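> sequence first, then the predicted structure:
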Amino acid sequence: MNEEKEVYSYHTFYFPFIWEGIKVKQEEIISYFDSNHYWDKTDIKDFSNVNTTPALQDEKSRIWLYQAYQYFHTPVCQAIFGGDSEVVHNYQFCTKEVRQQACYTIKKTEKFNNEMIKKVYELDLYSIKLKIFNSGIGILIFECENRKHGSIKEVKDINEYGRRITAPFLDSDICADLLSVSIENIGTFSFDFRKKFGSSHEILHEHKYANYNCIASFIIDILNYKKAEKKFTDQKYSSGEKWYLATALDDRMYVTCLVRDDYFAKCLQKEKFCGSGNQLIKTAGCNQFKQELYELIFVDRQDKTSCPTERMREEILNKQLYDRWIEYGTAYAITHHSFFCMTTTDKDIDAPVVNPFLVIYTEMVTLCLAQRCSIISFQRKIAAFSNALKKHKFILNCRAAKKLTDLQEDYIAFQNQLQFFEVTCQEQGIELYDMIAEALYIEKEKQMLMDQMNIAYEAASINQGFRWNKWALFVSFLALLVTLMPHMPDLCKVIAKCMK
């Protein structure tokens with residue numbers, strides 16, 4: 001990797017996904033990656049195997065892992081780094097080759113002063129990680145370092161164009177022209193957005209069945225790399241026993257970003273917070289800087305803020321910013337699709353600010369993403385169960401009852417293994433974890449899921465109770481007949497006398 005320049009910004013892109021298929025089991029997914037030697041297994045069992053894990057042989061990884069081990073509670077470590085509990089399985093793609101030389105490239109053509117300018121953003125790719133959680137969620141992670149592009153505007157462009165894996169609508173300039181991942185001695189994986197979503201509308205005509213679930217092909221190509229049978233696909237009606245890959249959230253990857261910019265840090269120090277209402281002090285140029293800050297943390301492009309209303313923008317910033325260290329030029333910001341740290345270039349803050357962000361807080365994000373995606377996955381399964389129950393006129397057979405029971409057991413396991421009230425004893429970690437969970441609506445989604453599960457369980461119980469009542473009535477009638485059988489002759493004589 002290029003070591004001539006200092007890192008101006010760190011960018012991590014998270015792609016959470018789910019998979020579907022004909023009787024697909026998670027064990028098959030795990031076996032698929034275990035049998036591919038291009039994916040290095042990086043599970044850490046009680047941290048005793050760190051020195052014997054090939055993918056963790058560099059000093060940087062060991063230092064980071066030590067810091068993470070000291071920081072997180074033991075059950076949380078198992079949910080992050082793997083182990084005997086089988087909560088998560090960790091992999092890294094071509095670790096040695098990526099560390100030697102790899103690049104995450106973004107190409108974009110923009111109009112400037114009536115001229116079309118082609119821009120190329122090249123990021124050093126530090127690692128490609130994959131996490132498979134036992135709740136049926138996968139997260140593919142691209143960790144990048146930016147040494148070549150040293151402005152806030154360029155950071156905005158990198159985050160906005162680098163995170164998009166599909167187009168929210170056609171004929172738009174919201175996506176990059178091309179995204180590619182290049183790894184020395186491995187190859188280049190790329191996706192042309194203009195060809196797929198441009199004026200030709202290729203996405204609408206390339207297959208017999210419309211494929212609105214299109215995912216940037218470089219992701220699928222990496223997951224399928226060097227496998228004779230390429231299992232993953234984004235085409236729902238593809239031939240053969242494929243694993244249908246779908247995004248667990250939306251058309252964008254989640255972004256974490258740390259920016260080291262002294263001028264921006266000084267601006268943060270000037271725009272200090274005051275009062276119990278946590279209101280920004282009104283200073284010269286305050287509104288302009290707040291717009292710049294809003295665009296950065298909400299991953300908007302330059303001068304294209306998604307909240308042009310000044311009053312509302314200020315309210316949102318006051319809520320999303322974490323300003324414990326703003327006096328020293330460091331601030332954090334958390335939204336529902338990004339986690340930012342803005343700080344200085346001072347070398348003394350590497351240990352207390354930069355390393356924790358890259359090691360600890362990014363893992364917090366991964367954990368919270370897994371929680372939210374798992375909850376949404378459970379909601380989909382409950383909805384499918386309810387629809388099936390309605391389709392069969394709410395007749396709960398043994399198979400449906402077992403399915404509901406299995407779903408409840410899976411959810412209980414998820415609550416115990418992935419849903420944590422607290423991940424660390426450190427005060428700042430507790431506060432940031434709570435902010436991430438709140439920004440991702442985890443508690444709200446969890447409550448909605450509980451309501452859905454209770455309704456489904458009540459409906460199933462009422463249905464089962466009604467069926468048991470019918471059987472009970474039938475059995476009672478039989479019991480009455482059995483009771484009357486010995487008295488039938490006498491009863492017949494009485495009936496005959498009455499008839500005479």
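Good, I have the coordinates. Numbering: from 1, shown residues only.

> where does pLDDT dip in the stretch 1-150 of the chain?
Of all residues in the stretch 1-150 of the chain, those with pLDDT under 70 make up the ranges 1-4, 21-23, 46-50, 52-57.

> quick one: the helices in it?
Here the stretch 1-150 of the chain has its helices, by DSSP state H, counting those that start in this stretch, at 26-34, 59-71, 74-81, 95-100.

> which one's the longest strand in this structure?
strand 115-133 (DSSP state E).

> can you give me the angle that strand makes with helix 74-81?
Compare the direction of strand 115-133 with that of helix 74-81 by axes from the mean of the first three to the mean of the last three CA atoms, to 10 degrees and you get 130 degrees.

> roughly how far is strand 115-133 from the heart of the chain?
18 Å (CA atoms, centre = their mean, to the nearest Å).

> disregarding residues adjacent in the polypeptide, which is nearest to residue 19?
Closest residue to residue 19 apart from its sequence neighbours, by CB to CB, 6 or more residues apart in numbering: residue 243 at 4.6 Å. All C-beta atoms are positioned from the backbone trio N, CA, C, and that covers glycine.

> let me fix that, I meant to ask about residue 407.
Closest to residue 407 by CB to CB, 6+ apart is residue 381, at 5.9 Å.

> buried set for the helix or strand hosting that neighbour?
Here residue 381, judged by DSSP states H and E, is contained in helix 362-391. Buried residues in helix 362-391, counted by 16 or more other CB atoms under 10 Å: 362-379, 381-382, 385-386, 389.

> what's the weakest-modelled helix or strand in the protein?
strand 273-274 (a mean of 42; mean pLDDT, DSSP states H and E).

> just the C-alpha atoms of whatever helix or strand comes next after the helix holding residue 381, please, in CSV.
Later in the chain than helix 362-391, the nearest helix or strand by DSSP H and E is helix 398-417. C-alpha atoms of helix 398-417 as CSV (Å, rounded to 0.1, in the frame of the first residue of the first chain):
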residue,chain,number,x,y,z
CYS,A,398,-48.5,-29.7,12.8
ARG,A,399,-46.0,-28.3,10.3
ALA,A,400,-47.3,-24.7,10.8
ALA,A,401,-47.3,-25.1,14.6
LYS,A,402,-43.6,-26.4,14.4
LYS,A,403,-42.7,-23.4,12.2
LEU,A,404,-44.1,-21.0,14.7
THR,A,405,-42.4,-22.8,17.6
ASP,A,406,-39.0,-22.7,15.7
LEU,A,407,-39.4,-19.0,15.0
GLN,A,408,-40.0,-18.3,18.7
GLU,A,409,-36.9,-20.4,19.7
ASP,A,410,-34.8,-18.6,17.1
TYR,A,411,-35.9,-15.2,18.4
ILE,A,412,-35.2,-16.2,22.0
ALA,A,413,-31.7,-17.3,20.9
PHE,A,414,-31.2,-14.0,19.1
GLN,A,415,-32.2,-12.0,22.2
ASN,A,416,-29.7,-13.9,24.3
GLN,A,417,-26.8,-14.0,21.8
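
> in helix 398-417, what's buried?
Applying a neighbour-count criterion of 16+ other CB under 10 Å, one finds 400, 403, 404, 407, 410, 411, 414, 417 buried in helix 398-417.

> among those residues, which pair sits farthest apart?
Farthest-apart pair in the buried residues of helix 398-417 is 400 and 417; separation 25.9 Å (CB to CB).

> contact partners of stretch 403-423?
Here stretch 403-423 makes contact (CB atoms under 8 Å, 6 or more residues apart in numbering) with 72-73, 75-76, 78-79, 85, 87, 133-135, 364, 367, 370-371, 374, 378, 381-382, 385, 396, 429-430, 433, 446, 449, 453, 456-457, 460.

> buried only: go through the residues you listed for me.
By neighbour count, with 16+ other CB under 10 Å, those hold 72, 76, 78-79, 87, 133-135, 364, 367, 370-371, 374, 378, 381-382, 385, 396, 429, 433, 446, 449, 453, 456, 460 as buried.

> what's the local residue count around the closest residue in space to residue 183 that isn't next to it in sequence?
Leaving aside its chain neighbours, residue 183 sits nearest to residue 102 (4.5 Å; criterion: CB to CB, 6+ apart). With neighbours defined by other CB atoms under 10 Å, the count for residue 102 comes to 23.

> for residue 35, see how far away residue 102 is.
Separation of residue 102 from residue 35 (CB to CB, to the nearest Å) stands at 23 Å.

> likewise for residue 286?
With CB to CB as the criterion, residue 286 and residue 35 are 57 Å apart.

> neighbour-wise, which of these two wins?
Per other CB under 10 Å, whichever of residue 286 and residue 35 has more neighbours is residue 286, with 15 against 9.

> quick one: residues contacting residue 261.
Going by CB under 8 Å, 6+ apart, residue 261 touches 8, 152, 342, 344, 345.

> quick one, phi/psi of it?
Here is the backbone geometry of residue 261 (degrees, to the nearest 10): phi -140, psi 110.

> in this structure residue 76 contacts residue 424, no?
Yes: counting by CB atoms under 8 Å, residue 76 does reach residue 424; the two are 7.5 Å apart.

> report pLDDT for residue 328.
On pLDDT, residue 328 comes in at 91.

> dump the residue contacts of it.
By CB under 8 Å, 6+ apart, residue 328 lies in contact with 269, 344, 349.

> distance of it from residue 352?
Applying CB to CB, the value for residue 328 to residue 352 is 10 Å.

> same question, residue 147
22 Å.
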